[in-house]
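Q: 3D model of this:
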Amino acid sequence: MSSSTYTPPEVWTWDKANGGKYASVNRPTAGAQFEQVLPVGERPFQLYSRGTPNGQKVTIMFEELLEAGVKEAAYDLWAIDIGKGDQFGSGFVAINPNSKIPALVDRSGPEPVNVFESGAILVYLAEKFGKFLPASGAARAQCLSWLFWQVGSGPYLGGGFGHFYAYAPERYEYPINRFAMETKRQLDLLDKLLAEREYICGADYTVADMAIWPWYGRLVLGELYGAAKFLDVASYKNVQRWTKQLAERPGVKRGKDAVHQPLK
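A: Prediction:
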């Protein structure tokens, strides 16, 4: 443990030099930073995203819908380069004022509908097409509970553990230990759950599986942060079983590896 300590100033001010890997694009203000016109394809849905876990949630959902025969779920997929700051262009901010991927425009109706936040997009598509989300009752409540568990828990894995283990300018013992402990607690929770059921919400594959797999499934596959050995992911046998089972689904395969068209 480093002996140096940080004394916060009375009033925090932004120092771009301390921003780490994404210092060139991150800043403490919201809103558009430059003018931008996003491309629009011919398909009913326009998805502006990136192949991150949050982005993969939605491409997996689209590919599962198409695999299920829902032809109306055809979509165009456009690459938002978050390293270059595409998410701060006026076109993207008009869809998602929070400047985070993914962002969706449903152009299938008389007026375009903008949807942002990956969990909200999953629910929107599930309800629109009547797939992968129970319609009512206890089953729906459980599915939504686990979907929003991921939405609330994921930042501890990504912005917490992943950031300090893989992306921070230096490795610090305290935050890595803090977030490794929480990540392993989450994996243990999922492992105990999946010892009793095939999928996250029971016998049926749902949006909860689609939301959780790109984060925790890819983690135990060794595809996130180079931390599989450090976190001893092999010890979570039930998560491993579920992860590999979902990885064989055609919709998951295509959604994970979906090709993003460059912005024009």
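Q: so which residues of the stretch 101-250 of the chain form helices?
A: 118-129, 137-155, 173-194, 207-212, 218-220, 237-247, 250-256 (DSSP state H, counting those that start in this stretch).
Q: contacts only, for the residue positioned nearest the centre of the chain.
A: Residue closest to the average C-alpha location in the chain (CA atoms, centre = their mean): residue 54, at 1.5 Å. Applying CB atoms under 8 Å, 6 or more residues apart in numbering, we find residue 54 in contact with 100, 101, 102, 118, 154, 214. To be clear about C-beta, it is placed using only N, CA and C from the backbone, and glycine gets the same treatment.
Q: now, of those, which are buried?
A: For the contacts of residue 54, a burial check counting by 16 or more other CB atoms under 10 Å picks out 100, 101, 102, 118, 154, 214.
Q: circling back: tabulate the contacts of residue 54 (CSV), appending pLDDT and distance to residue 193.
A: As requested, the contacts of residue 54 are arranged in CSV below (pLDDT from 0 to 100; distance: CB to CB, whole Å):
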residue, pLDDT, distance to residue 193
100, 97, 28
101, 98, 28
102, 98, 26
118, 98, 21
154, 96, 16
214, 98, 18
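Q: and which of those is nearest to residue 231?
A: For the contacts of residue 54, the residue nearest residue 231 by CB to CB is residue 154; the value is 15.3 Å.
Q: does the closest one really touch residue 215, like I thought?
A: Yes: applying CB atoms under 8 Å, one finds residue 154 in contact with residue 215, separated by 5.3 Å.
Q: and for the two, which residues touch both?
A: residue 53.
Q: that older thread, for the helices of the stretch 101-250 of the chain, which one sits closest to residue 8?
A: Nearest of the helices of the stretch 101-250 of the chain to residue 8, taken as CB to CB: helix 173-194 at 15.4 Å.
Q: hmm, who's touching the closest one?
A: Contacts for helix 173-194 (CB under 8 Å, 6+ apart): 1-2, 153, 156-157, 160-161, 164-165, 168, 200, 212, 216, 219-220, 230-233, 236-239, 241-242.
Q: how about it: buried residues?
A: Using 16+ other CB under 10 Å as the test for burial, helix 173-194 gives 176, 179, 180, 183, 184, 186, 187, 190, 191, 193, 194.
Q: just send these back as JSON lines, with distance to residue 111 and pLDDT too.
A: Listed next are the buried residues of helix 173-194 as JSON lines, based on distance: CB to CB, whole Å; pLDDT from 0 to 100:
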{"residue": "176", "distance to residue 111": "47", "pLDDT": "98"}
{"residue": "179", "distance to residue 111": "42", "pLDDT": "98"}
{"residue": "180", "distance to residue 111": "47", "pLDDT": "98"}
{"residue": "183", "distance to residue 111": "42", "pLDDT": "98"}
{"residue": "184", "distance to residue 111": "46", "pLDDT": "98"}
{"residue": "186", "distance to residue 111": "40", "pLDDT": "98"}
{"residue": "187", "distance to residue 111": "43", "pLDDT": "98"}
{"residue": "190", "distance to residue 111": "40", "pLDDT": "98"}
{"residue": "191", "distance to residue 111": "45", "pLDDT": "98"}
{"residue": "193", "distance to residue 111": "40", "pLDDT": "98"}
{"residue": "194", "distance to residue 111": "41", "pLDDT": "98"}
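Q: nearest to residue 36, of those residues?
A: residue 179 (34.0 Å).
Q: and the closest one, how far is that from residue 214?
A: Between residue 179 and residue 214 the computed distance is 18 Å (CB to CB, to the nearest Å).
Q: before we move on, the earlier item: let me have the helices of the stretch 101-250 of the chain in TSV, extended by distance to residue 78.
A: Formatted as TSV, those follow (distance: least, CB to CB, whole Å):
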stretch	distance to residue 78
helix 118-129	15
helix 137-155	23
helix 173-194	31
helix 207-212	20
helix 218-220	22
helix 237-247	26
helix 250-256	16
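Q: quick one, which of those helices is packed in tightest?
A: The highest average neighbour count among those, using mean count of other CB atoms under 10 Å, belongs to helix 207-212 at a mean of 27.
Q: quick check: mean pLDDT of that one?
A: Regarding helix 207-212, the rounded mean pLDDT is 98.
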